[in-house]
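**Student:** Could you work out the structure for the sequence below:
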Amino acid sequence: MGDLDWIGKHTISRRRLLTAGATLSGAAILAACSSNSSPASPSPSAATGSAGSPRHGGTLNVGMSTGGPSDTLDPNAAVSTVDAARADSLFDHLCTLAIDGSTQLELAESFEPNSDATLWTIKLRKGVVWHDGSPFTADDVIYTLRRIGAPKSTLAGVSTVSVMNLPSLKKIDAHTVQIPLNVPIADLAPSFSIFYMAIVKDGTTSFTHPVGTGPFMFQSWKAGESSTFVRNPHYWLDSMPYVDKLVLTSITDNTARLNALLGGQVDCIELLSFAQAKAMKASGQIQLLIPKPVNIVPMTMAVDTPPFNDERVRQAFRLIAGRPQLVQTAQDGFGGVGNDLFGKGFPYYNDKLPQRAQDIAQAKSLLKKAGQEKLAVTLNSSSVAPGMLESATAFASQAQAAGVTVTIKNIPAGDYYGSGYLKYGFGQSQWNADTIPQWMEQAVVKGAPYNETHWNIPSFNNLFNQARGELNPAKRAAMFDELQSILWTSGGYIIWGLVPFIDGLAHNVHGATPNPAQDLSNYMFRQYWLS
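**Tutor:** Residues are numbered from 1 along each chain as shown. Model (predicted):
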């Protein structure tokens, strides 16, 4: 889930992230939720078993699912999972996603809006230094935002900063910055938590030897192969990081990556397939890191394209989906049942709507009323995301009971998010953890860069703009409830299931916590330690 105009000049975020990642067996995008949490030291044994207090020392070797000649050390241009892991290791963010889905402040100490949420004042953490020893200040934040939003920029955060009046960014003092907005936003902090919004040093134009404020310092790298970083002895958070060295190695083949872990060549790996996770859970050879399932691999119906321009057909297709069976078949039971809404468990999720269940008789009745008995459709699918092709196959089988023939078009993973994406009348997609407002901005409002369902309803857009700028939490929540109710009833998504990332760790690795934002604890290797 990216933030850029797909068809226009900014053709980087969603396509490159998902294809660069998932084509090589993984992709991840992060975001966050509310805005006032303080940074907290994660419990080192929360997910990986207690082995006493954290200890310093050792080298953490990580097997990454992505890597290639387009790899970058520029965090604002990061696209693949290995890019994100490097960005999160060398640099810091104003805030990040906590395990519970709230926003955890990092380089920022507070976000405060004015009375109408059009001007935000951010207090920055004092005492933070760059790897070269210079102090972190408001100048660095202003430079980063203007760099991302510069004319003709193709950096991943362009749409994130597009709501900001960049020429009018103001440094109040060394550790205070004001950000004026073009539209009111009631909760600005989550916009800064996605990995490509890392803060870079004022004046930086080259990243051949990157200088960040992050827990690790650059030592060496080779694009598509490996990166080596060393412990930052002046890191601002507690006694982290614990390991002396971090090595990220690209192993794009699923089997080879797992074998490297089993053989001791690496200490942890990202993105096990569901089948691998099932086998490893049974054998106990490794630890499994499984966050709550919040990511989705939905089916998309273009609401302006026959037969899906008829709401009755869209309702019928949602009723065809046998959700528990899809979860079991496509995800080996690791996922959870979805209710055609994004962001379950996150702030503003509408849990008041009834859980939709399979109802073949009602689906057939709706199709008959729509004049679409014996309907035949093509479902564009791919192996680009875990469980995508499997769920398409299972849904096609279920649809037969409703008299619907679904022909699956299996598109190569490297092409799925290419020129045909956003043109599929009936397709599939992949979305990772994000806040509900940010997901809506990217998917279902006017100007959304990834409007897969071609949803553009003026009344919906107006309500969204009101909700995003509403400062009263209860009123804002009620508005987002209404927005989700509209999508649940009339929208173009079949969100049948919720998907977890599944990672593997050796038994001597501790400190890993199952964060829903990205693999391997949201790539917070600062908290890992070795026994």
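
**Student:** Show me which residues of the host helix or strand of Asn61 are buried.
**Tutor:** If you go by DSSP states H and E, Asn61 is part of strand 59-64. Of all the residues in strand 59-64, those buried under the rule 16 or more other CB atoms under 10 Å are 60-64. Placement of C-beta: from N, CA and C, glycine included.

**Student:** swap in stretch 220-232?
**Tutor:** Applying 16+ other CB under 10 Å to stretch 220-232 flags 221, 226-232 as buried.

**Student:** ditto for stretch 241-259
**Tutor:** Applying a neighbour-count criterion of 16+ other CB under 10 Å, one finds 241-243, 245-252, 254, 257-258 buried in stretch 241-259.

**Student:** can you check stretch 396-409 too?
**Tutor:** Under the neighbour-count criterion of 16+ other CB under 10 Å, stretch 396-409 has 396, 398-399, 402-404, 406, 408 buried.

**Student:** would you put the C-alpha positions of it in PDB?
**Tutor:** Taking Å, rounded to 0.1, in the frame of the first residue of the first chain, the C-alpha atoms of stretch 396-409 are listed here in PDB:
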ATOM      1  CA  ALA A 396     -14.300 -20.300  -7.900                       C
ATOM      2  CA  SER A 397     -15.300 -23.700  -6.500                       C
ATOM      3  CA  GLN A 398     -17.700 -22.100  -4.000                       C
ATOM      4  CA  ALA A 399     -19.300 -19.900  -6.800                       C
ATOM      5  CA  GLN A 400     -20.400 -23.000  -8.700                       C
ATOM      6  CA  ALA A 401     -23.100 -23.500  -6.100                       C
ATOM      7  CA  ALA A 402     -24.600 -20.100  -6.900                       C
ATOM      8  CA  GLY A 403     -24.600 -20.900 -10.700                       C
ATOM      9  CA  VAL A 404     -21.600 -18.600 -11.200                       C
ATOM     10  CA  THR A 405     -18.600 -19.700 -13.400                       C
ATOM     11  CA  VAL A 406     -15.300 -18.100 -12.300                       C
ATOM     12  CA  THR A 407     -12.400 -18.600 -14.700                       C
ATOM     13  CA  ILE A 408      -9.100 -17.800 -13.100                       C
ATOM     14  CA  LYS A 409      -6.500 -15.800 -15.000                       C
END
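
**Student:** distance between it and the chain's centre?
**Tutor:** With CA atoms, centre = their mean, to the nearest Å as the basis, the distance from the averaged C-alpha position of stretch 396-409 to the chain average is 31 Å.

**Student:** which residues does the nearest residue to Pro135 once chain neighbours are set aside contact?
**Tutor:** Once flanking residues are discounted, Pro135 sits nearest to Val129: 5.7 Å by CB to CB, 6 or more residues apart in numbering. Going by CB atoms under 8 Å, 6 or more residues apart in numbering, Val129 touches 135-136, 213, 234, 236.

**Student:** Drop anything exposed from the residues you listed.
**Tutor:** Among the contacts of Val129, the ones that count as buried by 16+ other CB under 10 Å are 136, 213, 236.

**Student:** The last one - that's part of a helix, no?
**Tutor:** Just to be clear, that refers to Trp236. No: counting by DSSP: H, G, I helix; E, B strand; the rest coil, Trp236 is not part of a helix but coil.

**Student:** Give me the pLDDT value at it.
**Tutor:** Note on Trp236: pLDDT of 97.

**Student:** Verify the stated contact: it with Lys126.
**Tutor:** No: under the criterion of CB atoms under 8 Å, Trp236 makes no contact with Lys126, lying 9.3 Å away.

**Student:** Chain neighbours aside, what residue packs nearest to Pro180?
**Tutor:** Of all residues not flanking Pro180 in the chain, Asn165 sits nearest, at 4.2 Å (CB to CB, 6+ apart).

**Student:** Now do the same for that neighbour: its pLDDT.
**Tutor:** For Asn165, the model assigns a pLDDT of 98.

**Student:** Could you tell me the phi and psi values at it?
**Tutor:** Phi and psi for Asn165, reported as degrees, to the nearest 10, are phi -90, psi 80.

**Student:** ok, now how distant is it from Pro449?
**Tutor:** Separation of Asn165 from Pro449 (CB to CB, to the nearest Å): 21 Å.

**Student:** more neighbours, those two?
**Tutor:** A side-by-side neighbour count of Asn165 and Pro449, using other CB atoms under 10 Å, places Pro449 first with 22 against 14.

**Student:** Check the secondary structure at that one for me.
**Tutor:** coil.

**Student:** Isn't it up against Trp439?
**Tutor:** No: using CB under 8 Å, Pro449 is not in contact with Trp439; the gap is 11.9 Å.

**Student:** The helix or strand hosting Lys475 - contacts with which helices or strands?
**Tutor:** Per DSSP H and E: Lys475 is located in helix 473-490. On a contact count with 3 or more CB pairs under 8 Å, 6 or more residues apart in numbering; DSSP states H and E, helix 473-490 meets helix 311-320, helix 436-443, helix 458-469.

**Student:** Take these and lay them out in JSON lines including mean pLDDT and distance to Pro69.
**Tutor:** Below are the helices and strands packed on helix 473-490 laid out as JSON lines (pLDDT from 0 to 100; distance: least, CB to CB, whole Å):
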{"stretch": "helix 311-320", "mean pLDDT": "98", "distance to Pro69": "41"}
{"stretch": "helix 436-443", "mean pLDDT": "87", "distance to Pro69": "28"}
{"stretch": "helix 458-469", "mean pLDDT": "94", "distance to Pro69": "39"}
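
**Student:** Mind putting those helices into a markdown table with distance to Leu73 and mean neighbour count?
**Tutor:** A markdown table is the format used below for these (distance: least, CB to CB, whole Å; neighbours: other CB atoms under 10 Å):
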| stretch | distance to Leu73 | mean neighbour count |
| --- | --- | --- |
| helix 311-320 | 44 | 22 |
| helix 436-443 | 26 | 24 |
| helix 458-469 | 34 | 16 |
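
**Student:** Minimum distance to Gly203: which of those has it?
**Tutor:** helix 436-443 (29.5 Å; CB to CB).

**Student:** Show me what the closest one is packed against.
**Tutor:** Judged by 3+ CB pairs under 8 Å, 6+ apart, the packing partners of helix 436-443 are helix 458-469, helix 473-490.

**Student:** Okay, and which of the buried residues of stretch 241-259 map to strands?
**Tutor:** Among those, the residues falling in strands (DSSP state E) are 245-250.

**Student:** what about the stretch 51-200 of the chain, any weak spots by pLDDT?
**Tutor:** For the stretch 51-200 of the chain, applying pLDDT under 70 flags the ranges 51.

**Student:** And the helices in it?
**Tutor:** Secondary structure of the stretch 51-200 of the chain (DSSP state H, counting those that start in this stretch): helices at 81-90, 138-148, 158-161.

**Student:** which of the ones you listed is buried the deepest?
**Tutor:** With neighbours taken as mean count of other CB atoms under 10 Å, those reach their highest mean count in helix 81-90, at a mean of 28.

**Student:** helices or strands up against that helix?
**Tutor:** Partner elements for helix 81-90 (3+ CB pairs under 8 Å, 6+ apart): strand 59-64, strand 216-222, strand 226-231, strand 245-250, helix 519-523.
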